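# next come a sequence and a model predicted from it.
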Amino acid sequence: MNSSSLQPGAAGQPAARPLGVLAALPQELGDLIATMQAESGVVTRTLGRRDYHLGTVHGVPCVVTLARVGKVAAAATVSALIHVFDVQAVVFTGVAGGVGPDVHVGDVVVGETLLQHDMNAEPLFPRHEIPLLARSRFNADDALADALAAACERFVAQEGAALAERFSAALPRFKTALPRVHRGLVISGDQFVASAAAVDALRAALPGALAVEMEGAAIAQVCYEYDLPCAVVRTISDTADEHASTSFSSFLTDIAGTYSTGILRHFLASYTPAGR
Ligand code: ADE
């Protein structure tokens, strides 16, 4: 228990533990901190060179922060969310490279399972297995993933056609049809994947992988170890090939925030915090 969870709630009840919401980069959080500022005001604590913003969004107590990039950064940040801020669950939002053959720029992927594609302690342990944990795949929380996927579907139904029209001209790799919502395997590693050969190798090693990014599976591992629900949602900014860095940069600057803002707005509007 810590100071952030000791604020009294309504009728003197202990306040619900906050939801941890994080992204790697500021563009991937959308307008979340501004929304929180307008709704409840924001209290910011700085720890380990990161700012943790506390407040409510749609009445949901949240701690919002930026993990920065990579698995170590993500694991360190989620550890602070657990130990210092006593979060009840963690949601990660951001962009990813599309790996699945049917996953296009502008689509959204909700992780059901997460895996570290660059973990390899062979021959001591099977490829991808986390040594001494006896597993390579970490599941997102079913209820959180369902709620995130439903939020994505509502967002795409309301804004997808306009987004496709707005962005397909500016970003040639953006699919012109309505963006789709996929669910399945998200893979993470400390590499920005940017070649057809590299993405083919990932497909061959991990058939079924839908998206590649740099943080999700690290968060899922720490949450597994602490028995904390987590979920990951990723908008596809590129297809991890030779065009990845230009596609990623334009998507991040022009589009990523619109997705995160809309998806989180729908998600938080229907989120019911679990009891303590
Ligand atoms: N995040 C967005 N695009 C990515 C890529 N191609 N590789 C790794 N992480 C990413």
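The structure has been received and is ready for your questions.

# give me the phi and psi for whichever residue of the chain sits closest to the ligand.
The ligand sits closest to G97 of the chain, with a gap of 2.8 Å, by CB to the nearest ligand atom. Every C-beta, even on glycine, is put in place using the N, C-alpha and C of the backbone. Phi and psi for G97, reported as degrees, to the nearest 10, are phi -90, psi 140.

# now it. Nearest residue, chain neighbours left out?
Spatial nearest neighbour of G97, chain neighbours left out: A240 (3.3 Å); criterion: CB to CB, 6 or more residues apart in numbering.

# for the helix or strand hosting G55, which strands pair with it and how are they oriented?
Element membership of G55, judged by DSSP states H and E, is strand 50-57. Strand 50-57 has the following sheet partners, assigned by DSSP bridges: strand 43-47 (antiparallel), strand 60-66 (antiparallel).

# need the winner for burial among those strands.
Mean neighbour count (mean count of other CB atoms under 10 Å) peaks for strand 60-66 among the strands paired with strand 50-57, with a mean of 23.

# tell me the mean pLDDT over it?
Mean pLDDT, computed over strand 60-66, is 96.

# which residues make contact with it from outside it?
With CB atoms under 8 Å, 6 or more residues apart in numbering as the test, strand 60-66 has contacts from 4, 15-26, 29, 32-33, 36, 50-56, 77, 81, 85, 87, 268, 271, 273.

# could you dump the strands paired with strand 50-57 to JSON lines with distance to R173?
Shown next, in JSON lines, are the strands paired with strand 50-57 (distance: least, CB to CB, whole Å):
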{"stretch": "strand 43-47", "distance to R173": "37"}
{"stretch": "strand 60-66", "distance to R173": "26"}
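
# using a markdown table, lay out those strands together with distance to the ligand.
What follows is those, written out as a markdown table (distance: least, CB to the nearest ligand atom, whole Å):
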| stretch | distance to the ligand |
| --- | --- |
| strand 43-47 | 25 |
| strand 60-66 | 15 |
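
# figure out which of those strands is closest to A211.
Closest of the strands paired with strand 50-57 to A211 is strand 60-66, at 20.0 Å (criterion: CB to CB).

# run the chain-centre distance for the closest one.
Put simply, strand 60-66 sits 13 Å off its chain's centre (CA atoms, centre = their mean, to the nearest Å).

# would you mark the buried spots in the helix or strand just after that strand?
Using DSSP H and E, the helix or strand that follows strand 60-66 in sequence is helix 71-83. Residues of helix 71-83 classed as buried: 71, 73-78, 80-82 (neighbour count, 16 or more other CB atoms under 10 Å).

# now swap in stretch 226-242 and tell me
Under 16+ other CB under 10 Å, the buried positions of stretch 226-242 are 228-241.

# now swap in stretch 155-175 and tell me
For stretch 155-175, the neighbour count (16+ other CB under 10 Å) marks 155-156, 159-160, 163-164, 167-168, 171, 173-175 as buried.

# these: which two are farthest apart?
F155 and R173 (20.5 Å).

# secondary structure, pLDDT and distance to the ligand added to the buried residues of stretch 155-175, as TSV?
Below are the buried residues of stretch 155-175 laid out as TSV (DSSP: H, G, I helix; E, B strand; the rest coil; pLDDT from 0 to 100; distance: CB to the nearest ligand atom, whole Å):
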residue	secondary structure	pLDDT	distance to the ligand
F155	helix	96	19
V156	helix	95	19
E159	helix	91	21
G160	helix	89	20
L163	helix	87	18
A164	helix	85	19
F167	helix	79	16
S168	helix	79	19
L171	coil	77	14
R173	coil	75	12
F174	strand	74	14
K175	coil	72	16
